[in-house]
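>>> Pasted the sequence and its predicted model underneath.
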Amino acid sequence: MTAGLLICDYVLPEWQAKYGAYSDMFTQLFPEFNWRFYEVQKDQYPEDLEECDIYFATGSRHAAYDDLPWIPPLEAFIRKLHDQKRYFVGVCFGHQLMGAALGGTVKKAEQGWCVGVHTFDLKIKKRWMKPYQNPIHLLMMCQDQIVVLPPDSEVLASSSLCPYGMIQVGETMLGIQAHPEFSKAYDQQLMEARRQRMGNAVVDAGILSLQLKVHDSVFKQWVLAFLSDT
């Protein structure tokens, strides 16, 4: 099975030797896939949607509402995937952009930054949620969130600070506000680098939360089952 990664940002060059690029992170999480990589900021897209069985969109330091020339074409591509019932998983920024592209609204969250390990409570039990894990702990690194859902959405999981933490739109589109591809070490690196922006209290609480077990492998199994179940 072939997966396409829509790369929406880059790991800082000085960090890549230690943590890898986004392509490395997703490949490590899903070694089952044959991967193709598309740098959408450079207008790289598949010539045909049939190139991949599923597409993922990465996180980004940018916002879904930023006035950047590469964002509208990516939104149009996501709408095309939706219209043709192609499989898609949006991660953090990719989750937000899916929401915006399909008719929802993304803003800076009133709750502020969400970092470290967060606990998500499942709202709907899907057949493909195998093994079933409730609650599920996942790493977060975000300031923006979906605040108005797109039409035909289901909220699958929420946290106390992220009401729309995991959503499904239609039959083939998933969005997760968390970062299942991140390691704890990389999440902590980002927190430390953004301490001045986030504030000591947020960063210190986020680092303390890293003691919790994360269920990235559970989410990975859910995605694989989602592909075979729908």
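Yep, it's here. Residues are numbered from 1 along each chain as shown.

>>> Can you check the pLDDT for the spatially most central residue of the chain?
The residue lying closest to the centre of the chain (C-alpha atoms, centre = their mean) is residue 91, at 1.0 Å. pLDDT, residue 91: 98.

>>> before we move on, what about residue 230?
56.

>>> The residue nearest to the centre of the chain and residue 208, how far apart?
24 Å (C-beta to C-beta, to the nearest Å). Every C-beta, even on glycine, is put in place using the N, C-alpha and C of the backbone.

>>> For residue 196, see how far away the residue nearest to the centre of the chain is.
Taking C-beta to C-beta, one finds residue 91 at 26 Å from residue 196.

>>> Residue 126 too?
Where residue 196 is concerned, residue 126 sits at a distance of 40 Å (C-beta to C-beta).

>>> More neighbours: these two, which one.
residue 126 (17 against 8; other C-beta atoms under 10 Å).

>>> Disregarding residues adjacent in the polypeptide, which is nearest to the more buried one?
residue 156 (6.9 Å; C-beta to C-beta, 6 or more residues apart in numbering).

>>> try residue 55
residue 4 (4.5 Å).

>>> how many neighbours does the one you found have?
Residue 4, neighbours per other C-beta under 10 Å, totals 23.

>>> The one 3 residues further on too?
A count of nearby residues for residue 7, using other C-beta under 10 Å, gives 21.

>>> before we move on, what about residue 192?
Residue 192 has 12 nearby residues by other C-beta under 10 Å.

>>> So it, which state does it fall into?
helix (DSSP: H, G, I helix; E, B strand; the rest coil).

>>> so where does the nearest residue to it once chain neighbours are set aside fall, helix or strand?
Leaving aside its sequence neighbours, residue 192 sits nearest to residue 203 (C-beta to C-beta, 6+ apart; 6.9 Å). Take DSSP states H and E as the rule and residue 203 turns out to sit in helix 200-209.

>>> mind listing what's buried in the helix or strand just after that helix?
Note on helix 200-209: by DSSP H and E, the next helix or strand toward the C-terminus is helix 216-229. Using 16 or more other C-beta atoms under 10 Å as the test for burial, helix 216-229 gives 216, 218-227.

>>> Please enumerate residues in contact with helix 216-229?
1, 29-30, 32, 53-54, 87, 89, 126-131, 133, 136, 138-139, 174, 176, 178, 180-181 (C-beta atoms under 8 Å, 6 or more residues apart in numbering).

>>> ChimeraX command for the buried members of those residues?
Applying 16+ other C-beta under 10 Å to the contacts of helix 216-229, the buried members can be selected in ChimeraX as follows:
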select :29,30,54,87,89,126,128,129,133,136,138,139,174,176,178,180,181
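
>>> now, which of the contacts of helix 216-229 lie within helices?
residue 29 (DSSP state H).

>>> In strands only, show me the contacts of helix 216-229.
54, 87, 89, 136, 138-139, 174, 176 (DSSP state E).

>>> Go ahead and confirm residue 212 touches residue 120.
No. Here residue 212 lies out of contact with residue 120, judged by C-beta atoms under 8 Å, at a distance of 12.0 Å.

>>> what touches both of the two?
residue 137.

>>> of those two, who's got more company?
Applying other C-beta under 10 Å to residue 212 and residue 120 shows that residue 120 carries more neighbours, namely 25 against 15.

>>> Per-residue pLDDT of the more buried one, please?
So residue 120 comes in at 98 (pLDDT).
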